[in-house]
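> Pasting the sequence and the predicted model now:
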Amino acid sequence: MEEVLFLNSVEKKLDFGSPPFAVDRKSVDNSVVAVTDTPFEFAPSQKSSQHTNRTPPILKSKEEKMTGNLVEKLKPKFVVENELIRAFIAELFCTAFLVFGGECVNAQYVLSQGKNNEWIGVSVGWGIALMLAVLMGSKISGAHLNPAVSFFQLTQGKMNVIRFLVYVVAQNIGAFIGAFGVFCVYFDAINAFEGGNRTVTGHTATASIFATYPGPFLGTFNAIVDQIAGTLVLCLGVAAITDSRNEIPSFLQPAWIAGLLSFLGMSMALNAGYAINPARDFAPRLFSLCVGYGWEVFSYRNYKWFWIPIICPMIGGVLGAWIYEFFIGYHIPDETLLEAEKEKQLQDVLDEVADIENQLPEYTDKKQLSDIASIHQETVFRDI
């Protein structure tokens, strides 16, 4: 009778909505009570959850429930299923971020006449903007952010024509939006610097915030060489950094690419400002036309300049990527082939030892044979 009363009191205290087998121990008599081996019977709807999950769930605070789950709740409503559209969005956004960050650096340099930002700061600033942009978009679209990069990928068969065109459109729209953001942020500073007159050349020119313009000493042919060479180095470096055979971890690649762009800014910017990106130059140039800088942004030097940062980087990008493959990429040993060669040589050694053992079973100590095999194995791996 006492046992039945004890079980009834325990059943009253059990809470099936709480962690399994939770009992209010304060209400139970401290004395030891013998309980039969008959297990508790739960309702059918509770058996699976109560018997299979013995570990109490981690209780989250109200703040965690409100903030931590909100992103996951909204994700099904906003996620884009089409992979190409996702890539379009990523290229647009990340290129906009790159141009916004980089041209804000330009604006601070131009409007302060170098007082608030030295050229090394411009180079590093563009590199950091690129690093963050690549970091954000690399898992979605590959973060090309540059038609020259997309074009060399096209020539190597790594993307088709449709994807290439989608990327180029997204990159140009993003660059236009990025330039618009810079204009909004520095609107008053630009007006104060140039007195409200949008100028392309002269002491108060601010058009160089948005697009590149050549130095007064630079001829047309040298400008072509400059843009081809700069983009050649850029895409050669990108090809090397992203080559899986070089085993650079994916999370470090944005930093390496940022360092590459900063290097170009500190070494190849004197002639014409290292555009090396058709979208970064053309779309902001078009934006500067729309906000009052006039047709001079295209007619500068009698139309002998504006097309150079558009066409020449496309040539330089292809040259750089293929030069890397011909001189470096094709000559990197394939890890799979190396492993196969190691296994083949090791098998040859084992076969040789087996032949010796079969030929001299009564004269050769098996321990000596194992020593011979070990020596041969060490020799194989040392040679490889």
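Nice, I can see it.
> Which stretches in the stretch 251-384 of the chain count as helices?
With DSSP state H, counting those that start in this stretch as the criterion, the stretch 251-384 of the chain has helices at 253-267, 278-288, 296-303, 308-327, 335-359, 366-383.
> ranking those by burial, who's on top?
Among the helices of the stretch 251-384 of the chain, judged by mean count of other C-beta atoms under 10 Å, the one packed with the most neighbours on average is helix 278-288 (a mean of 25). Using the backbone N, CA and C atoms, a C-beta is placed for each residue, glycine as well.
> send the alpha carbons of that one over as CSV?
The C-alpha trace of helix 278-288 is given here as CSV (Å, rounded to 0.1, in the frame of the first residue of the first chain):
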residue,chain,number,x,y,z
PRO,A,278,36.5,48.0,-67.0
ALA,A,279,33.5,48.1,-64.8
ARG,A,280,35.3,50.1,-62.1
ASP,A,281,36.2,52.8,-64.7
PHE,A,282,33.3,52.9,-67.2
ALA,A,283,30.3,52.8,-64.9
PRO,A,284,31.6,55.6,-62.5
ARG,A,285,32.6,57.6,-65.6
LEU,A,286,29.0,57.3,-66.9
PHE,A,287,27.7,58.3,-63.5
SER,A,288,29.9,61.4,-63.5
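> what sits up against that helix?
95, 98-99, 102-103, 145-148, 168, 171-176, 178-180, 183, 198, 207, 210-212, 275, 297-298, 306, 309-311, 313-314 (C-beta atoms under 8 Å, 6 or more residues apart in numbering).
> helices and strands of the chain: which one bottoms out on pLDDT?
helix 44-52 (a mean of 46; mean pLDDT, DSSP states H and E).
> Mark which of the contacts of helix 278-288 are part of helices, please.
95, 98-99, 102-103, 147-148, 168, 171-176, 178-180, 183, 297-298, 309-311, 313-314 (DSSP state H).
> Show the buried residues in those residues.
95, 98-99, 102-103, 147-148, 168, 171-176, 178-180, 183, 297-298, 309-310, 313-314 (16 or more other C-beta atoms under 10 Å).
> I'd say residue 173 and residue 93 touch.
No: Residue 173 is beyond contact range of residue 93, at 10.0 Å (criterion: C-beta atoms under 8 Å).
> Can you list the low-confidence ranges for the stretch 51-200 of the chain?
51-68 (pLDDT under 70).
> what about 50?
51-53, 55 (pLDDT under 50).
> Domain parsing of this protein, as residue ranges.
Residue ranges for the domains of the chain, per automatic domain parsing: 2-60, 86-331, 337-383.
> Save these as a markdown table, and put in distance to residue 78 too.
Listed next are the domains of the chain as a markdown table, based on distance: least, C-beta to C-beta, whole Å:
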| stretch | distance to residue 78 |
| --- | --- |
| domain 2-60 | 23 |
| domain 86-331 | 11 |
| domain 337-383 | 44 |
